[in-house]
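Asks: Give me the fold of what follows.
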Amino acid sequence: MKKYWKFIAMSVVIVLTISTYYIQSAIANKNFDYKIEKVSGNEAEIENLILEVSIPTNNYIWRNYSLTKDGLISQYGDSMVINAFSPLPLSLNNQLGEYRSFVRGKNPYSNFLINDNRMIYIGTENYNTKEWNKRAVNIEVEILDKETEKRQKFELTSQLSTIYQMASIKSIYHVDGEIKLIVELHTTNAGSSLYAFTIDEEQQAITKETLLAINDKDSYFRNYNGVSDNNRYFIYNVEKFESNTPAPSVPTDLYVYDFQSENAEKLELPNEVRSKMDYTYTFLNNEKLYVFNRLETGIKGYQYNIESKQWHESVSFPLPISNEIQTIREIENKLYSVHADDVIVGDDIQYVLLIHDLETTDVLFEGKITQSGSQKNLQTHFYDIYQVEDK
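Replies: Down below sits the predicted model:
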């Protein structure tokens with residue numbers, strides 16, 4: 001009987017320890033708040049605006065939040081139980097509707113693609129081991145047909161065999177019964193490889209595997225798509241290095257991968273874009289690619305149409321303060337950006353939200369993002385901007 005009591009006592013201690021940790025984490029979230037204060041412009045511009053922000057709490061855990069015109073919203077719900085054991089990002093929550101059960105038990109939440117007809121989840125297998133052996137890439141696919149509510153789930157193994165420890169999904173695209181993936185395989189010595197995979201739904205098979213880029217001592221790549229954009233194009237760049245030099249010695253190359261043709265093409269960059277690529281903010285909206293350079297007096301933007309293969313005339317946007325751009329997006333011909341001032345005022349870094357008209361460069365809205373509460377967060381990072389539809 002004594003051994004059972006020991007087991008019960010040990011279980012109680014474990015549960016209390018975990019519960020105390022998460023309750024403290026949840027309480028810490030109440031120690032701060034953010035809001036957007038209008039400086040100029042039309043407040044209707046932020047009516048349906050969401051700013052995604054990552055904030056470190058008092059116990060040094062980074063947590064993701066959504067900032068709206070009404071204040072800060074936890075992406076993990078208000079309930080401490082939900083907060084601890086069933087987090088659900090707001091950006092995904094807004095798309096789920098009646099299909100909420102589909103995400104149950106699946107993580108990370110970034111590996112979802114949701115469109116009008118179906119929901120797709122992609123899972124990968126990671127290896128927490130010090131043994132660097134060659135292994136195939138294992139991919140889990142689960143699909144929900146919204147109309148019939150029929151689910152199908154299958155697992156695939158690539159023909160590719162390589163040394164890697166972790167696989168990250170970088171982009172998901174669905175067209176004509178095929179699922180197209182961009183996957184980064186993290187290898188030894190902080191290196192990684194970028195691959196494109198094509199999956200046939202009916203055959204439940206990987207039909208194509210293509211190496212796109214490699215991170216190693218001689219080169220570095222980064223991508224500019226969101227995982228769930230369902231964009232036909234995937235944008236990435238490759239920087240070349242010389243041995244023992246910290247900065248790229250060869251100008252950066254920018255590539256477009258077309259999911260439909262399954263071909264990658266290097267873009268011909270204007271000289272002023274290429275020379276500033278280390279300092280650019282680049283993103284994709286359908287077939288339009290935007291590249292922004294940081295200037296002393298503002299930002300300079302370039303637009304490239306992938307389908308017509310044309311660069312448009314550059315446009316400059318003045319900024320009200322000396323600052324860094326934390327995130328920048330184009331939504332319906334408007335430029336949305338969040339800036340962190342270089343100068344710390346009191347205990348706070350000053351943040352500014354700007355909305356410009358892309359054609360006229362006029363400022364449609366300017367707002368200060370202010371902090372309140374007992375906890376100040378100098379490391380706050382705004383990482384995405386999007387609009388939600390009226391319900």
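Asks: in terms of contact, does Tyr233 touch Ile306 like I think?
Replies: Yes - counting by C-beta atoms under 8 Å, Ile306 is a contact partner of Tyr233 at 5.6 Å. (Glycine included, C-beta is placed from N, CA and C.)
Asks: Look up the residues that both of the two are in contact with.
Replies: Both Tyr233 and Ile306 are contacted by Val256, Glu287, Leu289, under the criterion C-beta atoms under 8 Å, 6 or more residues apart in numbering.
Asks: Pull the contacting residues for the second one.
Replies: Spelled out, it's Glu287. Here Glu287 is in contact with Arg232, Tyr233, Asn305, Ile306, Glu307 (C-beta under 8 Å, 6+ apart).
Asks: would a markdown table of these with neighbour count be doable?
Replies: Converted to a markdown table, the contacts of Glu287 look like this (neighbours: other C-beta atoms under 10 Å):
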| residue | neighbour count |
| --- | --- |
| Arg232 | 19 |
| Tyr233 | 21 |
| Asn305 | 13 |
| Ile306 | 18 |
| Glu307 | 11 |
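Asks: Check these and tell me the two furthest apart.
Replies: Arg232 and Asn305 (13.0 Å; C-beta to C-beta).
Asks: ok, for Phe333, nearest residue in space, not its chain neighbours?
Replies: If you look again at residue 333, you'll see it is Asn, not Phe. Leu358 (4.9 Å; C-beta to C-beta, 6 or more residues apart in numbering).
Asks: Kindly report the same for Ile179.
Replies: Ile199 (4.3 Å).
Asks: burial count for that neighbour?
Replies: 22 (other C-beta atoms under 10 Å).
Asks: One more: Phe154?
Replies: For Phe154, using other C-beta under 10 Å, the count is 13.
Asks: One more: the one 5 residues further on?
Replies: Neighbouring residues of Gln159 were enumerated by other C-beta under 10 Å; the total is 9.
Asks: Likewise for Glu43?
Replies: Neighbours of Glu43 (other C-beta under 10 Å): 11.
Asks: Turn the shared contacts of Tyr233 and Ile306 into TSV, columns for pLDDT and secondary structure.
Replies: Listed next are those as TSV, based on pLDDT from 0 to 100; DSSP: H, G, I helix; E, B strand; the rest coil:
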residue	pLDDT	secondary structure
Val256	92	strand
Glu287	89	coil
Leu289	88	strand
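Asks: For Asn115, list the residues it contacts.
Replies: His174, Asn230.
Asks: Distance check, it against Ile172.
Replies: According to C-beta to C-beta, to the nearest Å, Asn115 and Ile172 sit 10 Å apart.
Asks: give me phi/psi at Ile369?
Replies: phi -100, psi 110 (degrees, to the nearest 10).
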